[in-house]
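Colleague: Need a 3D model of the following:
(one chain, ligands or ions: 2)
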Amino acid sequence: MVNDSLRHSTSHDSLFSASSDDGQQASGKVAALTPPPISGLLFLPDLLSSATEQRLISQLDSCYPLDRSTADTSNQFMLFGRAKEGHDGSASSGLPGWADELVCELECLLEGKLDEKTMSLFFPLRSQRSSALQPCRSRQLIINHYLPSQGITPHIDLPARFGDGILLCSLRSGIAMDFQRKDEKFTLWLPPRSVVILSGEARWDWEHGIAAREGDWVACDEGPEWVARQTRTSVTIRWLLPGADVVGSMEIDDDDEGSIA
Ligand SMILES: O=C(O)CCC(=O)C(=O)O
Ligand SMILES: [Fe+2]
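Modeller: Numbering: from 1, shown residues only. Ligands and ions are numbered 1, 2, ... in the order given. Below is the predicted model:
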């Protein structure tokens with residue numbers, strides 16, 4: 001079996017971590033407001049408008065409601081969509097309407113903010129709009145609801161399952177996200193409505209994770225400020241590698257079935 005899945009964890013359940021100690025204010029680095037010097041990491045605070053955020057929250061809450069009674073993975077929802085073309089020539093992503101709308105909106109919002117190479121990682125059909133969709137590509141979206149004390153173990157999104165280009169949208173509450181590689185570590189404050197893009201080194205070489213605690217130290221003008229967490233919802237968008245959407249495929253490590261990352 002391949003062993004290129006999570007560096008720190010191969011189990012789905014173990015990725016979500018909940019704080020067992022409310023007194024963790026002293027731990028963790030102060031989260032910066034500006035992105036660390038990691039090649040391939042792009043940070044777009046306020047990319048999403050409040051109206052988009054509100055629309056998404058109400059769509060997500062009605063389709064994928066948060067269960068406050070659990071600290072496990074019940075608050076995670078995975079969607080898979082394989083692009084296909086109908087007999088009448090109509091195109092479908094295989095994803096629900098709200099997800100298509102979000103992808104489309106992100107494409108417009110990111111236009112001019114990303115270089116063409118990075119844009120084409122996420123929106124490869126741009127150059128071939130008039131030709132057939134690429135039937136073998138499948139997108140995956142994950143919706144994660146985090147209760148304030150929850151985090152996610154540092155990980156690299158499964159290299160054998162997902163392609164280059166991971167897009168993370170933060171909704172509802174900010175959070176400090178850690179990025180680490182060997183002994184290098186940076187912490188970035190992700191405010192609600194922000195988008196982080198990981199490609200190249202940032203996607204393949206750096207772990208990202210969220211410490212399980214009730215709040216975060218954030219670098220503010222007047223010095224570090226403790227920001228208590230609220231419930232956060234994130235939407236992660238990425239492509240499955242060819243064949244990785246086939247259940248039972250020999251190319252996929254059984255151990256990573258069900259893993260989120
Ligand atoms: O909540 C987030 O923004 C991160 C989620 C994540 O890392 C993942 O789904 O692989
Ligand atoms: Fe991830």
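Colleague: in the stretch 101-250 of the chain, which spans are helices?
Modeller: Remark: helices of the stretch 101-250 of the chain, listed N- to C-terminal, are 116-122, 201-204; assignment by DSSP state H, counting those that start in this stretch.
Colleague: rank these by mean pLDDT and give me the bottom one.
Modeller: Comparing mean pLDDT across the helices of the stretch 101-250 of the chain, the weakest is helix 116-122, with a mean of 91.
Colleague: Go through the helices of the stretch 101-250 of the chain and pick out the most buried.
Modeller: The highest mean neighbour count among the helices of the stretch 101-250 of the chain, using mean count of other C-beta atoms under 10 Å, belongs to helix 201-204: a mean of 18. Placement of C-beta: from N, CA and C, glycine included.
Colleague: can that helix be found next to ligand 1?
Modeller: No - for helix 201-204, no contact with ligand 1 is found by C-beta under 6 Å from any ligand atom; the gap never falls below 10.8 Å.
Colleague: Next, count neighbours for the residue nearest to Leu47 when sequence neighbours are not counted.
Modeller: Spatial nearest neighbour of Leu47, excluding adjacent residues (C-beta to C-beta, 6 or more residues apart in numbering): Val195 at 4.4 Å. Residues contacting Val195 under the criterion other C-beta atoms under 10 Å number 22.
Colleague: just to revisit the earlier point, quick one: closest of the helices of the stretch 101-250 of the chain to Ile166.
Modeller: Using C-beta to C-beta as the criterion, the shortest distance between Ile166 and the helices of the stretch 101-250 of the chain is 5.6 Å, found for helix 201-204.
Colleague: May I have that closest one as CSV, with CA atoms only?
Modeller: As requested, the backbone C-alpha atoms of helix 201-204 are provided in CSV (Å, rounded to 0.1, in the frame of the first residue of the first chain):
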residue,chain,number,x,y,z
GLU,A,201,5.2,23.7,-2.6
ALA,A,202,2.4,24.9,-0.4
ARG,A,203,0.2,22.1,-1.5
TRP,A,204,2.8,19.2,-1.7
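Colleague: by contact count, what packs against that helix?
Modeller: Using 3 or more C-beta pairs under 8 Å, 6 or more residues apart in numbering; DSSP states H and E, no helix or strand is in contact with helix 201-204.
Colleague: starting at the chain centroid, how far to that helix?
Modeller: Between the mean C-alpha point of helix 201-204 and the mean C-alpha point of its chain there is a distance of 13 Å (C-alpha atoms, centre = their mean, to the nearest Å).
Colleague: Check the spacing between Asp115 and ligand 2 real quick.
Modeller: According to C-beta to the ion, to the nearest Å, Asp115 stands 23 Å off from ligand 2.
Colleague: er, Gln76 actually
Modeller: Using C-beta to the ion, one obtains 12 Å as the distance from Gln76 to ligand 2.
Colleague: Settle this for me: that residue is touching Ile143, isn't it.
Modeller: Yes - taking contact to mean C-beta atoms under 8 Å, the distance of 7.0 Å between Gln76 and Ile143 places them in contact.
Colleague: where does the chain dip in pLDDT?
Modeller: With pLDDT under 70 as the threshold, the chain has low-confidence stretches at 1-16, 18-28, 71-74, 85-91, 125-136, 245-261.
Colleague: For ligand 1, give me its nearest residue in it.
Modeller: Closest approach of the chain to ligand 1 (C-beta to the nearest ligand atom) occurs at Ser234, with a separation of 3.3 Å.
Colleague: Near the residue in the stretch 101-250 of the chain that ligand 2 sits nearest to, how many other residues are there?
Modeller: Residue nearest to ligand 2 within the stretch 101-250 of the chain: Asp157 (4.5 Å; C-beta to the ion). Neighbour count for Asp157, taken as other C-beta under 10 Å: 22.
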